[in-house]
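**Q** quick one, what's the 3D model for this:
(one chain, ligands or ions: 1)
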Amino acid sequence: MDYLKAQSVKSLNGIIKISGAKNASLPLIALTILSSEIVSLKNLPNVADIKTLLKLLSNLGAICKFHEDRVTVDTRSLHETKATYDIVKTMRASILVLGPILARFGHCEVSLPGGCAIGQRPINLHLKALEQMGAKIAIKAGYIEATAPDGLTGCNIIFDKITVTGTANIVMAAALAKGETTITNAAREPEVVQLCEVLSASGIEIEGIGTAILTIKGTAGKLIAIKEFSVIPDRIEAGTYLCAGAITKSQITLTSVEPKHLGAVLAKLEEMGNSFTITDYTITIHPAQEIKPVKIVTQEYPAFPTDMQAQFLTLATQANGVSIIEERLFENRFMHVSELQRMGADITLNGHTATVCGKTKLCGTDVMATDLRASSALVLAALVANGETNIHRIYHLDRGYDSLEKKLGNVGAKIQRLKE
Ligand code: EPU
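**A** Numbering: from 1, shown residues only. Below you'll find the predicted structure:
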C-alpha cells in the first residue's frame, strides 16, 4: 500500500493544470450505455474511480479503449446487466449504471452499495423515482433487482431531497423512457448540467438545464447517437489547490479551470483575506496578509460544496480566530477532525458543527486518510505542519485526485509517494 511523506514548505509558487472532473466523468461514462455509437470522451481524469467504472462497463461487455488524449467506449456489445458486489463495494457511484441499463434492457441488477465513511448515503430516492417510471424493484440477497419489461414511462418526479447521482440516474433513465419526465428539486451541480448538455447536443429535448426543474423527452427505447465531448474541469480539485495556496500564503495559478463553477469557494477564500486574478480559464490566488476566520455551511450547488469542507476546515486551523463550519449534507463527514487534532489542531465537534480555534501550530506525525476529501485536507495540513507528516491509506486520495503529489511538487511542495 502507498503512503505520502510530506514536509512543510515556506511557500509554493507556479502553475497547476486542473484535470477533468471525476464527478462529471462518472455519469458521462454511464451515459455511454445509452449510445448507438462509439463515444469518445476527452479530458477524463487519471484517477481510480474512472478506471473502476470503465472496468465495470467492460465486465458488462463494453469495449473501452485508452488513446493518448481520450477514451473510447463502445457499448453496442454490452449484454450483461448485473453490476456485481466486487466492483460496487469499491465505488458507490456504480449505482449510476442502474438507470441507463434498466432503460435500455428492461432489467438490471446492482449490488447495494452499503454504508460509507461519510454517512449512510441511501439510494431510496433513485429507486422511488424509477418505480414511479414503472419499474418493479426488489431487494434480494444484497442486490437491487429492477425490471421494466415494457420500458420506462415518463412521469412527474419530485425529489424529497436534492440528490446529485439520483438526478443523473433519472435523467439518463428518462432519456430512453416513453414520453416526458419532469424532475422537480433536481440537482443543479455543474456535473449534472454537463450530463444534460451532452444529451441535449445528442438530440434529446431537455428543458430547464441548470435549474431545479428538468423536463426530458424520452426516445421510447431508441438508443441515442452520442459522439464526442470533453469533460468539464474539476471544481473540487481546483478548490483544493486554491486552499493549498491560501494555507501556505502563496501565489499559485490554476489553468484549465472554470471560475464560474467556483463562486462559493472563491467568496469564502476572499472573506479569509485572499484576492484573485481571474480570466476565462485561469485563476491566480494572491496570498492573504493574515488568514481570517470564516463561517461555512455546506449546501447543494451553487452554495458551498460539502466536498470542500475538509480542506477549509484545515485552512481554518491557520486563521487568526474562531471559525464555525457546519456540515449539512452528510452526517459523518468529520472523520478528518480527529486526525487534525492529533496534529495539534484545536477543533471542537458538536453534532454537525465544527468550531475551529486558530491559529494553531500543527505538528507532523502519522495520520490516516479516511475518505477522499479528508485525504487532501491532511495533505494541506502537512504543507504547514512542523517536520514530516506521513499520510497513510491514500487509496482514498487516488480515487479522485489526478497526480496530486506531482502537481503540488511542481509548485514546490515536498511530497514523496512511498510503499508501506
Ligand atoms: N440522499 C438520500 N437518498 C437518496 C440519495 C441521497 O437520502 O436516494 C441523501 C444523502 O444521504 C445525502 C444527500 O441526500 O445526505 C445528498 O446526497 P447525493 O445523492 O447528492 O450525493 P451523491 O450523489 O451520492 C455526489 C458526489 C459526492 C458529493 C455529493 C454532494 C458523485 C459521484 N459523488 O454524491 O462526491 O459529496 O454528491 O455534492 O458525484 C466525492 O467526490 O468525494 C464525493 C463524495
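**Q** partners of the closest residue to residue 136 other than its chain neighbours in the sheet?
**A** Leaving out its chain neighbours, the residue that sits closest to residue 136 by CB to CB, 6 or more residues apart in numbering is residue 147, at 5.0 Å. From N, CA and C alone the C-beta is placed, and that goes for glycine too. Beta-bridge partners of residue 147, counted by DSSP bridges, are residue 107, residue 136.
**Q** what about the residue of the chain most remote from its centre, distance to the ligand?
**A** Using CA atoms, centre = their mean, the residue of the chain lying farthest from its centre is residue 150. It sits 33.7 Å away. Per CB to the nearest ligand atom, to the nearest Å, residue 150 is found 25 Å from the ligand.
**Q** could you list the low-confidence segments of the stretch 201-350 of the chain?
**A** Applying pLDDT under 70 to the stretch 201-350 of the chain flags no residue at all.
**Q** burial measure for the residue nearest to residue 136, as a count.
**A** For residue 147, the neighbour count with other CB atoms under 10 Å is 16.
**Q** show me what contacts it?
**A** 102, 106, 107, 135, 136 (CB atoms under 8 Å, 6 or more residues apart in numbering).
**Q** the same query, at a cut-off of 7 Å, please.
**A** Shown in contact with residue 147 (CB atoms under 7 Å, 6 or more residues apart in numbering): 106, 107, 135, 136.
**Q** where does the stretch 301-420 of the chain get nearest to the ligand, residue-wise?
**A** Using CB to the nearest ligand atom, residue 372 is the residue of the stretch 301-420 of the chain that sits closest to the ligand, at 4.0 Å.
**Q** in a helix, residue 15, correct?
**A** No: secondary structure of residue 15 (DSSP: H, G, I helix; E, B strand; the rest coil): strand, not part of a helix.
**Q** off-centre distance for stretch 92-106?
**A** Chain-centre distance of stretch 92-106: 19 Å, with CA atoms, centre = their mean, to the nearest Å.
**Q** thinking again about what came up before, check the residue nearest to residue 136 and give its pLDDT.
**A** Here the pLDDT value assigned to residue 147 is 98.
**Q** show me where this structure has its helices.
**A** Using DSSP state H, the helices found in the chain span residues 22-31, 48-59, 85-88, 98-105, 124-132, 164-175, 190-201, 235-247, 263-271, 309-316, 335-342, 372-384, 395-400, 404-410.
**Q** surely the residue of the stretch 301-420 of the chain closest to the ligand meets residue 394?
**A** No: counting by CB atoms under 7 Å, residue 394 is not a contact partner of residue 372; they are 10.1 Å apart.
**Q** one step back: name the member of the contacts of residue 147 with the most neighbours.
**A** Of all these, residue 135 has the most neighbours under the rule other CB under 10 Å, reaching 24 neighbours.
**Q** isn't that residue right up against residue 148?
**A** Yes: using CB under 7 Å, residue 135 makes contact with residue 148 at a distance of 4.5 Å.
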